[in-house]
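attaching a predicted model along with its sequence, questions to come.
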Amino acid sequence: MLNTTIKALLTGAAFAVLSTGAMAQEVALKFQSSDPAGDANYQLYKEWADGVSELTGGKVSIELLPVGAVVDFQETLDAVGAGILDGHITDTSYFAGKDPAFGLIANPVGAWSDPQQMLKFLNEGGGKELMNELVQPYGTHFFGGTTPGLEAFVSSVPLEGVDDLKGLKLRAPAGLVQNIFAAAGASPVNLPTSEVFTALDKGVVDAADYSVFHVNQAQGLNEIAQHPVFPGFHSMPLIEFSMNKQKWDALPDDVKTTLEESVAELAQRQNAALADKNSKAVEEAKAQGATIHDWSDEERAKFRKIAIGEWEKQASQSGNAQKVYDTLTTYLDKEGLLAAQ
């Protein structure tokens with residue numbers, strides 16, 4: 001059911017379905033992002049939205065709005081389905097309260113060691129089809145995805161593999177991330193991001209799940225915790241591009257293809273930009289005395305095996321979550337990512 005905010009916004013709203021025939025004039029769509037306007041990822045997504053009119057030959061234009069501009073970030077799925085928004089660019093895990101399947105597909109902690117692995121699953125491994133099975137009952141259509149990147153891991157002590165996590169005091173958000181680290185033998189605590197620097201500096205925690213490497217570096221975390229694990233081994237969120245299904249269905253096939261291809265290209269540009277920023281930040285961190293730890297494939301597989309036990313618990317919470325689990329583990333097995341070599 002729509003919440004009060006969405007019901008109020010829906011009152012009097014015209015829900016126009018696009019004509020399936022020739023498009024006589026440019027169709028103007030309104031999307032909302034889950035990022036604030038000043039965020040670097042928002043700027044990248046806005047560049048994509050601003051370029052849609054040219055990409056589609058004037059058939060479609062997209063106005064991108066920042067988080068909270070029309071509805072709360074957790075309400076966009078309902079708002080898009082109802083036609084209050086035409087689409088959204090958002091972290092899929094925000095809808096885990098509706099179905100744990102959203103959380104599991106959005107960030108299966110431990111699954112990926114590189115953005116390309118996730119993107120391959122999405123585009124070639126059944127992820128795209130699975131996403132549409134999840135979102136279409138809400139009246140939306142998923143047409144592409146990207147990721148802001150694989151998070152590095154901040155640590156003040158050397159971490160060479162899974163065994164070094166045992167007894168480690170670390171900051172991790174509540175939920176699947178925290179559960180997996182606890183299953184690996186660590187002692188996770190939930191702290192707001194505003195307290196991470198001080199907690200590391202004073203030794204309240206030894207390590208932290210925070211963000212991608214260049215953000216950690218910009219925040220000064222690698223100066224006080226000089227044993228970061230990079231590339232990371234745990235968290236990488238899925239950012240979905242979805243729109244109202246009726247309006248998607250009414251678009252000409254060439255426009256649909258253009259939108260899908262443009263998001264796939266955006267994902268590659270975002271990945272390349274992240275790699276460049278991280279590379280520069282790594283060199284800066286090394287110059288400040290940091291030692292970079294890169295886990296072997298074997299250690300990553302060990303962590304993934306522990307994570308799968310927690311995925312399985314989440315899978316038992318709904319039929320959709322079980323389907324995500326089955327699809328994901330089948331794909332990882334096919335790709336040789338389940339077991340240590």
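Thanks, I have it.

show me where the chain has strands.
With DSSP state E, the ranges of strands along the chain come out as 27-33, 60-65, 87-91, 140-146, 153-155, 169-171, 187-189, 207-209, 239-244.

mind checking which of those is nearest residue 297?
strand 153-155 (16.4 Å; Cβ to Cβ). Backbone N, C-alpha and C define where each C-beta goes, glycine included.

in that closest one, what counts as buried?
By neighbour count on 16 or more other Cβ atoms under 10 Å, the buried set for strand 153-155 is 153-155.

circling back: and the strands of the chain as TSV, adding distance to residue 222 and mean pLDDT?
Shown next, in TSV, are these (distance: least, Cβ to Cβ, whole Å; pLDDT from 0 to 100):
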stretch	distance to residue 222	mean pLDDT
strand 27-33	28	98
strand 60-65	32	98
strand 87-91	25	97
strand 140-146	25	98
strand 153-155	7	98
strand 169-171	15	96
strand 187-189	20	96
strand 207-209	11	97
strand 239-244	25	98
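
buried deepest among these, which one?
strand 153-155 (a mean of 27; mean count of other Cβ atoms under 10 Å).

which ones are touching the closest residue to residue 201 other than its chain neighbours?
Residue nearest to residue 201 in three dimensions, not counting chain neighbours: residue 224, with 5.0 Å by Cβ to Cβ, 6 or more residues apart in numbering. Residue 224 makes contacts with 156, 197, 200-201, as judged by Cβ atoms under 8 Å, 6 or more residues apart in numbering.

residue 161 contacts residue 306, correct?
No: counting by Cβ atoms under 8 Å, residue 161 does not reach residue 306; the two are 11.8 Å apart.

so, low pLDDT: which residues of the stretch 1-150 of the chain?
Residue ranges of the stretch 1-150 of the chain with pLDDT under 70: 1-24.

for it, which segments count as helices?
For the stretch 1-150 of the chain, helices defined by DSSP state H, counting those that start in this stretch occupy the ranges 4-10, 40-55, 76-82, 100-106, 115-124, 127-135.

take the ones you listed and lay them out in a markdown table including distance to residue 249 and mean neighbour count.
Shown next, in a markdown table, are those (distance: least, Cβ to Cβ, whole Å; neighbours: other Cβ atoms under 10 Å):
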| stretch | distance to residue 249 | mean neighbour count |
| --- | --- | --- |
| helix 4-10 | 20 | 14 |
| helix 40-55 | 18 | 17 |
| helix 76-82 | 13 | 24 |
| helix 100-106 | 22 | 25 |
| helix 115-124 | 21 | 19 |
| helix 127-135 | 12 | 19 |
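
among those, which is nearest residue 299?
Residue 299 lies closest, by Cβ to Cβ, to one member of those: helix 115-124, at 16.1 Å.
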